[in-house]
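Participant: 3D model of this:
(4 chains)
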There are 4 protein chains.
Amino acid sequence: MNPPDPAVLAMRRAELVRLFDTAPIKHLFGMVLTYDDQGSAVFDLPYNPGLDHALKGTHGGAIATLLDNAGWFTVAPHFDTWIATVEFSVRLHQPVAATHLRSIGRVVRLGQRLSVAEMEVRTDAGALVATGSGTFTVTAASRG
Amino acid sequence: MNPPDPAVLAMRRAELVRLFDTAPIKHLFGMVLTYDDQGSAVFDLPYNPGLDHALKGTHGGAIATLLDNAGWFTVAPHFDTWIATVEFSVRLHQPVAATHLRSIGRVVRLGQRLSVAEMEVRTDAGALVATGSGTFTVTAASRG
Amino acid sequence: MNPPDPAVLAMRRAELVRLFDTAPIKHLFGMVLTYDDQGSAVFDLPYNPGLDHALKGTHGGAIATLLDNAGWFTVAPHFDTWIATVEFSVRLHQPVAATHLRSIGRVVRLGQRLSVAEMEVRTDAGALVATGSGTFTVTAASRG
Amino acid sequence: MNPPDPAVLAMRRAELVRLFDTAPIKHLFGMVLTYDDQGSAVFDLPYNPGLDHALKGTHGGAIATLLDNAGWFTVAPHFDTWIATVEFSVRLHQPVAATHLRSIGRVVRLGQRLSVAEMEVRTDAGALVATGSGTFTVTAASRG
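Facilitator: Residues are numbered from 1 along each chain as shown, chains lettered A, B, ... in the order given. As a prediction, this is how the structure comes out:
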């Protein structure tokens, strides 16, 4: 696979930041997307009490959302067409409550049909909350 | 492991339905918990446009939330103390948009320290949207 | 996806049983493949002391091999070309030692590009040893 | 969790290398265990044609065995008692044939009851073949 030009990657990342701003779930959760210098997607989620489960911690589903996002948005800029999440795993290392969370993705492998990323979620103090990995498939759907 | 008495299980399930009603994420998403005749937890999520991603489908993180819930609430009634999700996997079989979703859990194995459940999400028309499985650990935290 | 004719499926299953007989790992491990009435691949592994780990049980890698095989051979007959395992998960429910093991697969979803199966391993007395699930991709490689 | 003294870790790693030498599967497969300077378990598997599947590549179950081993032996030295694999995932990035393989583990989290490791398999030329991650539970069984 010929990797895209760095300028193309940078342009696509900027487009994806704008796209994410139109995502209803971004606003419901309060997530913010940036890309770091290595091109990894970084999602910040300031504490949102609406995402608590009944035992007063942040729901694992919110953490899974951060992991899925970090993988998808890290892999997506590498392709001309849209990608779709095939599967992802979530390992929860410690419960968290009332804390700002940050997820980040890392490309493991880019393939013409299937790509793999690893993702993690930490508190803003750096404590490891969750890790995951996922497979993403390249679809025929144009980014339009 | 001695399984709890059916009356105890039924009582705990009723308590868990009441507990879930106090979960902020229940209200943010609009999920409803019931238990079926086999004692499996069933979560209904009427279409909530706030859970859409930017490409106009239901976000995989919302589907992961339904899977995690279905496993946790199916396993939890079997134990005196609280359980915690250790890890779970999510396989997304088809994208969904603007659709009522329903998840259901099934116990695979109950152990004194670790239990395993399988979960699925379908549309209300019965189409398979996602499957997952998870490991849940029994904690020392009293339900009290 | 148009499913193959039942006669085609039966023919392909018979071919796969013959193919598996040429697999070196079949002979190293001592595995036997059959298909049950539902078309699920069934692998029998009589106790092979060579597959023990140092603590005198059957190695998890041998159990993973049975799970991978059960999924692959359950899905493969449904496609004209070869499939390849993309990923699979292994959950080990109890240690086993000196026991005949049997794995079986079940189709969860058949897709034109990606399919999913669930698999389990039991002792010949029926005790649940392991469960898993996997994603399989359809390749362009002709069965030739 | 108080981490063991480095001298204790080194002693346990040396014991585990000796233990692995008594594992029947080590000899059936032809695997060699060493530890690197960071304390990660490294497994070398020179090409063993007996581990080929029928389509002339190394079976995914052999690769899963390398991943499981790399995680287990990386985590085990950190505990007084034996650990057991709870679950692990396997992502296969490319088929391999007739190649020396090497797996390596990395600790993600050490907990009093549950620990997590990431593992990878590469060819001896460094090409990424597979990645995985796993959960390991601390048992009451003395290393004796």
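Participant: which residues of chain A lie near chain C?
Facilitator: A:86-87, A:89, A:113-114, A:135, A:137 (C-beta under 8 Å from any C-beta of the partner chain). (Glycine included, C-beta is placed from N, CA and C.)
Participant: mind doing that once more with 10 Å?
Facilitator: Applying C-beta under 10 Å from any C-beta of the partner chain, we find that chain A lies next to chain C at A:84, A:86-87, A:89, A:113-114, A:116, A:133-135, A:137, A:139.
Participant: which of the residues you listed tops the neighbour count?
Facilitator: Top of these by neighbour number is A:Gly134, holding 30 neighbours under the definition other C-beta atoms under 10 Å in any protein chain shown.
Participant: tell me if I am right that that one is in a strand.
Facilitator: Yes. A:Gly134: assigned to a strand according to DSSP: H, G, I helix; E, B strand; the rest coil.
Participant: and the pLDDT at it?
Facilitator: pLDDT for A:Gly134: 98.
Participant: likewise for A:Asn2?
Facilitator: 72.
Participant: got it, and A:His53?
Facilitator: At A:His53, pLDDT is 97.
Participant: tell me which residue lies nearest the centroid of chain A.
Facilitator: By C-alpha atoms, centre = their mean, chain A has its centre lying nearest to A:Ala70, at 1.5 Å.
Participant: the helix or strand it falls within close to chain B?
Facilitator: Using DSSP states H and E, A:Ala70 falls within helix A:60-75. Yes. Helix A:60-75 lies within reach of chain B by C-beta under 10 Å from any C-beta, at A:60-69, A:71-72.
Participant: got CSV for those, with pLDDT, neighbour count and distance to D:Ala97 too?
Facilitator: CSV is the format used below for those (pLDDT from 0 to 100; neighbours: other C-beta atoms under 10 Å in any protein chain shown; distance: C-beta to C-beta, whole Å):
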residue, pLDDT, neighbour count, distance to D:Ala97
A:Gly60, 98, 26, 40
A:Gly61, 98, 24, 41
A:Ala62, 98, 26, 43
A:Ile63, 98, 27, 39
A:Ala64, 98, 30, 36
A:Thr65, 98, 29, 39
A:Leu66, 98, 28, 38
A:Leu67, 98, 32, 33
A:Asp68, 98, 30, 34
A:Asn69, 98, 29, 37
A:Gly71, 98, 31, 29
A:Trp72, 98, 24, 32
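Participant: count the residues that sit near A:Asp124.
Facilitator: By the criterion of other C-beta under 10 Å, A:Asp124 has 13 neighbours.
Participant: ok, the closest residue to it other than its chain neighbours - contacts?
Facilitator: Among residues not flanking A:Asp124 along the chain, A:His100 sits closest, at 4.2 Å (C-beta to C-beta, 6 or more residues apart in numbering or on different chains). Applying C-beta atoms under 10 Å, 6 or more residues apart in numbering or on different chains, we find A:His100 in contact with A:44-48, A:122-125.
Participant: contact partners for A:Gly60?
Facilitator: Taking C-beta under 10 Å, 6+ apart, one finds A:53, A:90, A:92, A:95-96, A:130, B:64-65, B:67-69, B:71-72, B:84-85, B:87-88, B:134 in contact with A:Gly60.
Participant: one step back: which of the contacts of A:His100 lies closest to C:Leu9?
Facilitator: Using C-beta to C-beta, A:Leu45 comes nearest to C:Leu9 of the contacts of A:His100, at 47.6 Å.
Participant: state the pLDDT value of the closest one.
Facilitator: If you check A:Leu45, the pLDDT there is 98.
Participant: list the beta-bridge partners for it.
Facilitator: Applying DSSP bridges to A:Leu45 gives these bridge partners: A:Leu101.
Participant: pretty sure it contacts A:Thr65?
Facilitator: Yes. Using C-beta atoms under 10 Å, A:Leu45 is in contact with A:Thr65, at 8.5 Å.
Participant: so what sits against both of these two?
Facilitator: Here A:Leu45 and A:Thr65 have A:29, A:31, A:51, A:103, A:121 as joint contacts, going by C-beta under 10 Å, 6+ apart.
Participant: kindly report the residues of chain A close to chain D.
Facilitator: A:87, A:89, A:91-94, A:108-109, A:111, A:114-116, A:118, A:120, A:128, A:130-135.
Participant: tally of neighbours for the nearest residue to A:Leu33 once chain neighbours are set aside?
Facilitator: The shortest distance from A:Leu33 to any non-neighbouring residue, by C-beta to C-beta, 6+ apart, is to A:Phe20 (4.6 Å). Residues lying near A:Phe20 (other C-beta under 10 Å) number 19.
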